[in-house]
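1. the sequence and its predicted three-dimensional model are supplied below.
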Amino acid sequence: MTAPTGDDSDDDDRRAVRIPDDGEPGDWTADGATTAWRRGPYTVSTDQSRLDLDLTTEFLAATYWATDIPERVVRRALDHSIGFGLYEADRQVGFARVVTDRATFAWVGDVFVLDSHRGRGLGLWLMRCVLAHPELRELRRWMLASTTARGLYAKLGFTPLGAAERFMEIADPGVHRRQRARETGSDAGT
């Protein structure tokens, strides 16, 4: 299975709006727990009710970092983090998620822009919005892991770990496959 790409028609490519990078996310608005940024036809919003959970789950389940992740796990992850939806009008075209204590630390994960919307500067703008969130501006440490977008993250100030020998992890890459197998009643992945 491949990640959903949206409509890739040539007409869409000719009408594509590119978001210029001026080093800033732009003006934001806040309404209760929701923060939003707007540029042209695009919006980045933390309004969890706007997220297309099916699209987000389908995309993530096809990635190398969240292979086979079930929807209930995506929903639970969103319940305990800040989800940033990237929209063209009302259609979700990207996503990022931040796990944070909102005081000292944040982990950025699950970042994507649909293939049909890549090459427009949207990933960089989405991440500028993430870093500019009013509750996350003065954190001591931000972290993420990436094999495919390291150049994009470097533009935002991310660097390789300065003291990698201090960091440790417990990794279980097969956990989502086992969760999905339990949900479907199969014994695959056990």
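-> Everything's here; your move.
2. could you measure from the closest residue to D47 other than its chain neighbours over to G85?
-> Sequence neighbours aside, T34 is the residue nearest to D47 in space, at 4.4 Å (criterion: C-beta to C-beta, 6 or more residues apart in numbering). (Each C-beta comes from the backbone N, C-alpha and C, glycine too.) Distance, T34 to G85, using C-beta to C-beta, to the nearest Å: 10 Å.
3. tell me which of those two has more neighbours.
-> More crowded of T34 and G85, by other C-beta atoms under 10 Å: G85, with 23 against 13.
4. so who does the spatially closest residue to G121 that is not a sequence neighbour touch?
-> Excluding the flanking residues, the one nearest G121 by C-beta to C-beta, 6+ apart is I19, at 4.0 Å. Residues near I19 by C-beta atoms under 8 Å, 6 or more residues apart in numbering: 39-40, 42, 120-122, 124-125.
5. now secondary structure and pLDDT too, for these, in TSV please.
-> Below are the contacts of I19 laid out as TSV (DSSP: H, G, I helix; E, B strand; the rest coil; pLDDT from 0 to 100):
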residue	secondary structure	pLDDT
R39	strand	94
G40	coil	92
Y42	strand	96
R120	coil	95
G121	coil	95
L122	helix	97
L124	helix	97
W125	helix	97
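6. out of the residues you listed, flag the one nearest to A171.
-> L124 (28.1 Å; C-beta to C-beta).
7. ok, and the closest non-adjacent residue to R141?
-> Residue nearest to R141 in three dimensions, not counting chain neighbours: F105, with 5.2 Å by C-beta to C-beta, 6+ apart.
8. and the strands in this structure, which stretches?
-> Here the chain has its strands, by DSSP state E, at 28-31, 34-39, 42-45, 82-88, 91-100, 105-113, 141-144.
9. would you list the ones you listed in JSON lines and tack on distance to A171?
-> Below are the strands of the chain laid out as JSON lines (distance: least, C-beta to C-beta, whole Å):
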{"stretch": "strand 28-31", "distance to A171": "35"}
{"stretch": "strand 34-39", "distance to A171": "32"}
{"stretch": "strand 42-45", "distance to A171": "30"}
{"stretch": "strand 82-88", "distance to A171": "23"}
{"stretch": "strand 91-100", "distance to A171": "16"}
{"stretch": "strand 105-113", "distance to A171": "14"}
{"stretch": "strand 141-144", "distance to A171": "15"}
